[in-house]
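J.: this one's sequence-less:
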């Protein structure tokens, strides 16, 4: 097991608690031990051998990955919660405070201070609630969703819009609070109700003799409210007049038939099945009655305050399909089509997260920017990523809840991206059942290749097999519910695989493969550059374009290409010569060459793909051609390893090595005309709305965007549009994807989308 410890926010505060009437939610920072591969330049051989024979050295090192852990306890078991926290206090214990919000900050202050020997810092419940909501909506991808009742699959439709103010937050705990949020810290409580989750629990317990909230929800899911509710057709009969404009099955009076139904049952203790069904029907009716009441109040307030977005949160919901289904139905009715019920994946932890953030000197939260009518939160600024694989182990206990890994950098959208209606993923695996089944099967069947690499780099077959079992388990979860971890896509499946690798201390499992392939490609680079330098400008531009897509064949992430590479059947020169006019699935080659004749680009940001021939013989000569034209070039490579994709640290070492062999690269690198930067990603695919903030700042004035590789230019961003010229280059190495796009395997892509202005 990975070693995990509580990591204080500072010397005084380690965790935060939100204590409500039903549950106590805890937020605390932990540190997981992670392994990462680092690279350094090799020493120059004393025998005068070329540096290229020893490109660089790679080694694995451990580092600390801070994470925010969220878990909960029933308030009636608060002592269990406090004991849990006492066991996890760091040693030596220099803590002074514990942040506490909710009613328990006042009710249990003496108990908390006595048990933890810390001073309670009471925080305003509503302040924490809003700070937590804004943070999660701004930082967690696919945090909000609309619910689609069964038997629909998927059951969640995720909302991609950036957080926009104002919005209405309906927090359903023991009671209900309705908050109008107008900014990162601006809000007002505009309404509330004493009829909430506590009401349901209390009444349902009396009527069903069940005192477990979870069991009550299970009863409600099995019940039929119309058995004890009076509906319109109970009053008018089966021939309800159409002039009424009412659905015959519309609820007219909650629980109106309950007494009649109960009276018709035989003596208690007999016919247990009927008694049990009545319990289920009563629970379903109560749940519907209270949800209808809350939803009606929410819709009326939304209209009154001119708010379009309504989020429902609180542990009453707990992501229970029954609860979300009833609220969705009620909002659809009372909202008359103008409003939609939205839910949060982490709805129960808003107060705990807000309480935790209040312990930070500066919250990594939101940036305000003005718009015509509203204040819009930054659509990027993502500082955490949910880890669906890791569950922290503290003193032998498995933590219930959620793990959010802190990033070392913020993620922001590319300035040149047309962000409105941007969808990173080309194929919708949420709705396309055939595509979803194909890609889940595809990645599951290819897992043994990853296991082999993991064994080769780590020497641990046990960890490699554990990785395999864990990943396949998550694939099965996604088969059953494709919305389980957010909106499903090829990108998400690949990112999940990396989380599984990391959870078993498996770092860059292709580091050795990349090192050897880089060395082999460097051996061929000098002659290739020499051939390019004697060509005419147009011939060179065409040749480097062909080289860029030919080099993209060297991709261990594509099964067909990987099998050929294993057999030694792929060679750069041969792949380049195979490219004919008929090979171009998207053929904007002449448009690109014509554009270069009449336009000089000032700055190009080039998102690169694989190591080896792809980067060395393909994209570096392509970038070199732009450099010779006077264009500043930023090579954007992955921040973290995946498959044989080149990482920014590796690429910088390669650029330095090539500089010793090529004067153009050397001069441009020294003058900063050529730069290597991290893109903020650890995936073969890329979401251009989530890039490293330093890259976004540096390429703010770029007038050319280049996306290279099947993951970055086809699986994602094929249909992305930009405010400047864009060029997408790739080779299609998957037969299913090629047919989906109307082509054949090993077809190549040159998709050039210019803007009209040539100035």
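T.: Looks like it arrived, so ask away. These figures come from a predicted structure and were not determined experimentally.
J.: any idea how far the nearest residue to residue 552 once chain neighbours are set aside lies from residue 606?
T.: Leaving out its chain neighbours, the residue that sits closest to residue 552 by Cβ to Cβ, 6 or more residues apart in numbering is residue 731, at 4.3 Å. Yep, even glycine has a C-beta here, placed from its N, CA and C like the rest. To residue 606, residue 731 is 17 Å away according to Cβ to Cβ, to the nearest Å.
J.: Which other helices and strands does the helix or strand where residue 332 lies contact?
T.: Element membership for residue 332 (DSSP states H and E) is helix 321-334. Contacts defined by 3 or more Cβ pairs under 8 Å, 6 or more residues apart in numbering; DSSP states H and E place helix 321-334 against strand 144-147, helix 213-222, helix 272-304, strand 310-313, strand 341-344.
J.: where along the stretch 501-650 of the chain do the helices fall?
T.: 511-533, 537-551, 559-566, 572-578, 589-598, 613, 620-628, 648-661 (DSSP state H, counting those that start in this stretch).
J.: buried residues in the last one?
T.: Counting neighbours by 16 or more other Cβ atoms under 10 Å, one finds that the buried residues in helix 648-661 are 648, 649, 650, 651, 652, 653, 654, 655, 656, 657, 658, 659.
J.: before we move on, the earlier item: which residues does the helix holding residue 332 contact?
T.: 146-150, 155, 217, 220-221, 284, 287-288, 291-292, 294-296, 298-300, 310, 312, 316-317, 339-341, 343 (Cβ atoms under 8 Å, 6 or more residues apart in numbering).
J.: and if we set it to 7 Å?
T.: Helix 321-334 has contacts (Cβ atoms under 7 Å, 6 or more residues apart in numbering) with 147, 149-150, 155, 217, 220-221, 287-288, 291-292, 295-296, 299, 310, 312, 316-317, 339-341, 343.
J.: what about that helix, average pLDDT?
T.: Across helix 321-334, the average pLDDT comes to 91.
J.: ok now that helix, how far from the chain's centre?
T.: 26 Å (Cα atoms, centre = their mean, to the nearest Å).
J.: Okay, angle between it and helix 272-304 too, please.
T.: Here the directions of helix 321-334 and helix 272-304 differ by 40 degrees (axes from the mean of the first three to the mean of the last three Cα atoms, to 10 degrees).
J.: So what angle separates the directions of helix 321-334 and helix 213-222?
T.: Using the same axes, to 10 degrees, the inter-axis angle of helix 321-334 relative to helix 213-222 is 60 degrees.
J.: buried stuff in helix 321-334?
T.: Neighbour counts over helix 321-334 (16+ other Cβ under 10 Å) mark 321-331, 333-334 as buried.
J.: and the closest residue to residue 619 other than its chain neighbours, how many neighbours?
T.: Sequence neighbours aside, residue 608 is the residue nearest to residue 619 in space, at 4.9 Å (criterion: Cβ to Cβ, 6+ apart). Neighbourhood size, residue 608 [other Cβ atoms under 10 Å]: 29.
J.: for the buried residues of helix 648-661, which one is nearest residue 356?
T.: Nearest to residue 356 among the buried residues of helix 648-661, counting by Cβ to Cβ, is residue 648 at 31.2 Å.
J.: ok, now which ones touch that closest one?
T.: Residue 648 makes contacts with 637, 638, 639, 676, 677, 678, as judged by Cβ under 7 Å, 6+ apart.
J.: so what strands line up beside the helix or strand harbouring the fourth one?
T.: Read that as residue 676. Per DSSP H and E: residue 676 is located in strand 674-678. The pairing partners recorded for strand 674-678 under DSSP bridges are strand 632-637 (parallel).
J.: Please spell out which residues along the partner strand are buried.
T.: 632, 633, 634, 635, 636, 637.
J.: Ok, stretch 531-548 next?
T.: In terms of neighbour count (16+ other Cβ under 10 Å), stretch 531-548 has its buried residues at 532, 540, 541, 542, 543, 544, 545, 546, 547, 548.
J.: which non-adjacent residue is nearest the fourth one?
T.: Counting by Cβ to Cβ, 6+ apart, the nearest residue to residue 542 once its immediate chain neighbours are dropped is residue 593, at 6.4 Å.
J.: before we move on, what about the second one?
T.: Counting by Cβ to Cβ, 6+ apart, residue 532 is the residue found nearest to residue 540 once chain neighbours are left out, at 5.1 Å.
J.: Does the one you found touch residue 622 like I think?
T.: No. Using Cβ atoms under 7 Å, residue 532 makes no contact with residue 622, being 10.2 Å away.
J.: where do the contact lists of these two overlap?
T.: residue 544.
J.: ok so, going back, which of the contacts of helix 321-334 are buried?
T.: With neighbours counted by 16+ other Cβ under 10 Å, the contacts of helix 321-334 contain buried members at 147, 155, 217, 220-221, 287-288, 291-292, 295, 299, 310, 312, 316-317, 339-341, 343.
J.: among the helices of the stretch 501-650 of the chain, which is nearest residue 138?
T.: Nearest of these (Cβ to Cβ): helix 648-661, 25.8 Å.
J.: Show the end-to-end separation of stretch 410-424, please.
T.: Distance across stretch 410-424, first residue to last, is 18 Å (Cα to Cα, to the nearest Å).
J.: List the buried residues for that stretch?
T.: 410, 411, 412, 413, 414, 415, 416, 417, 419, 422, 424.
J.: Please state the backbone phi and psi of the closest residue to the fourth one other than its chain neighbours?
T.: Spelled out, it's residue 413. Spatially, and ignoring its direct neighbours in sequence, residue 413 is nearest to residue 689 (4.2 Å; Cβ to Cβ, 6+ apart). Main-chain torsions, residue 689, degrees, to the nearest 10: phi -90, psi 0.
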